[in-house]
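A.B. asks: could you work out the structure for the sequence below:
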Amino acid sequence: MSVDKSMPILIVDDYKTMLRIVGNLLKQLGFSNIDEATDGGSALQKLRAKKFGLVISDWNMEPMTGLQLLKEVRTDTKLKETPFIMVTAESKTENVVAAKEAGVNNYIVKPFNADTLKTKIESVLGKF
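C.D. replies: Numbers count the residues shown, from 1 in each chain. Presented below is the predicted three-dimensional model:
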């Protein structure tokens with residue numbers, strides 16, 4: 001199964017610079033259909049309005065954290081199958097465990113580059 005690079009991807013981060021960086025990395029990897037949300041609440045609205053092939057979300061956001069967003073996505077029958085990658089600056093074991101328990105598909109620790117992002121996406125969606 002090949003990865004459809006035109007599938008919609010949602011990047012969620014409350015830091016505009018990270019949205020731009022992740023968006024640019026995705027474009028380098030050939031993805032073109034990229035949407036953004038600056039918090040978990042607006043991300044949920046977008047997810048419920050349109051089907052996304054992947055969510056890449058920051059962990060540390062206010063008022064809804066990436067982990068809370070992930071839990072909301074996993075408890076929503078329409079969204080629960082959506083592939084979800086969590087991005088964080090902290091590689092604490094308890095965070096990784098909490099994210100795994102909540103149903104995250106993969107985890108990226110900042111800083112990262114296009115190769116790391118490609119590897120993580122491929123582990124979730126398959127090679128491209």
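A.B. asks: so what's the nearest residue to Asp14 once chain neighbours are set aside up against?
C.D. replies: Taking C-beta to C-beta, 6 or more residues apart in numbering as the measure, Asp14 lies nearest to Met61, with 4.4 Å between them; neighbours along the chain are not counted. C-betas here are computed from N, CA, C, even on glycine. Neighbour list for Met61: 12-14, 39-40, 69 [criterion: C-beta atoms under 8 Å, 6 or more residues apart in numbering].
A.B. asks: now do the same for Met61: helix, strand or coil?
C.D. replies: Three-state assignment for Met61 (DSSP: H, G, I helix; E, B strand; the rest coil): coil.
A.B. asks: how about Ile108?
C.D. replies: The assignment at Ile108 comes out as strand when based on three-state DSSP.
A.B. asks: which ones are touching it?
C.D. replies: Remark: with contacts taken as C-beta under 8 Å, 6+ apart, Ile108 is in contact with 56, 85-88, 116-117, 120.
A.B. asks: the same query, at a cut-off of 6 Å, please.
C.D. replies: Under the criterion of C-beta atoms under 6 Å, 6 or more residues apart in numbering, the contact partners of Ile108 comprise 87, 120.
A.B. asks: how far away is the residue nearest in space to the middle of the chain from Leu70?
C.D. replies: Here the mean C-alpha position of the chain is nearest to the C-alpha of Ile56 (C-alpha atoms, centre = their mean), at a distance of 1.2 Å. Taking C-beta to C-beta, to the nearest Å as the measure, Ile56 and Leu70 are separated by 11 Å.
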